[in-house]
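[1] Sequence plus predicted model, see below.
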Number of protein chains: 2
Amino acid sequence: MKNRLKVLRAERDWSQAELAGRLDVSRQAVNAIETGKHDPSLPLAFRIARLFDMRIEEIFDDEL
Amino acid sequence: MKNRLKVLRAERDWSQAELAGRLDVSRQAVNAIETGKHDPSLPLAFRIARLFDMRIEEIFDDEL
DNA sequence: TGACTATGTCAAGATGACCTGACTTTGTGT
DNA sequence: ACACAAAGTCAGGTCATCTTGACATAGTCA
């Protein structure tokens, strides 16, 4: 699953640790999602979308 | 996480087994999601949304 | 009654999504 | 060169999301 987290984070000039804090997950969890090692759970995907005020489908892309 | 799967399925007159087949998951997985035992993975949530031609947020609701 | 379907549930097991803690690598700035 | 911050990675653990197979219950229908 591709995602735009790294770009959204860069636009806000947040570190992975800062994003992790805002999402209430570990820094390693953010890193693993950004680097494509895992997909977030659905509840975490909701928190991410809410944080950036976007729809899940605007941040994550599971086609291709 | 609440969801509208049971209603969407009823509107189409599909059994849990039929929905499971369309989503390529087990019947028990569909049952567990409908009865609130689990949340779907994000990839499965995408497949569900695509099947019903809706956004994930229109089917699943994690607030409250 | 007996057969069939749909639903709900359980057990056991594989794999995925998280955790903490530790360490390395990379880039920046003094 | 040195220090520091950010990012990446690993190990070992827990719990969640799936699997298959089995079984119980309720409803429908010949």
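    Structure received.
[2] Please see if the helix of greatest length in chain A touches DNA strand C.
    In chain A, taking DSSP state H as the definition, the longest helix is helix A:42-52. Yes. Using CB under 7 Å from any atom of the strand, helix A:42-52 comes into contact with DNA strand C via A:Leu44. Glycine gets a C-beta too; all of them are placed from N, C-alpha and C.
[3] Residues in contact with that helix: which ones?
    Helix A:42-52 is contacted by residues A:5, A:8, A:22-25, A:29, A:39-40, A:55-56, A:58-60, B:1, B:39-42, B:45, B:56-57, B:60, B:62 when judged by CB atoms under 8 Å, 6 or more residues apart in numbering or on different chains.
[4] mind redoing it with 6 Å?
    Outside helix A:42-52, the residues that touch it by CB atoms under 6 Å, 6 or more residues apart in numbering or on different chains are A:8, A:22-23, A:56, A:59, B:39-40, B:42, B:45, B:62.
[5] and if you look at stretch A:31-40?
    For stretch A:31-40, contacts defined as CB under 6 Å, 6+ apart pick out A:1, A:5-6, A:16, B:42.
[6] Of those, keep whichever come out buried.
    With neighbours counted by 16 or more other CB atoms under 10 Å in any protein chain shown, those contain buried members at A:1, A:5, A:16, B:42.
[7] what does the model give the last one for pLDDT?
    Per-residue confidence (pLDDT) for B:Leu42: 98.
[8] now it, nearest residue through space, not along the chain?
    With sequence-adjacent residues excluded and distances taken as CB to CB, 6 or more residues apart in numbering or on different chains, B:Leu42 is closest to A:Asp39, at 4.6 Å.
[9] Quick check: that neighbour is in a strand.
    No. Counting by DSSP: H, G, I helix; E, B strand; the rest coil, A:Asp39 is located in no strand; its state is coil.
[10] What count of nearby residues applies to it?
    Neighbourhood size, A:Asp39 [other CB atoms under 10 Å in any protein chain shown]: 20.
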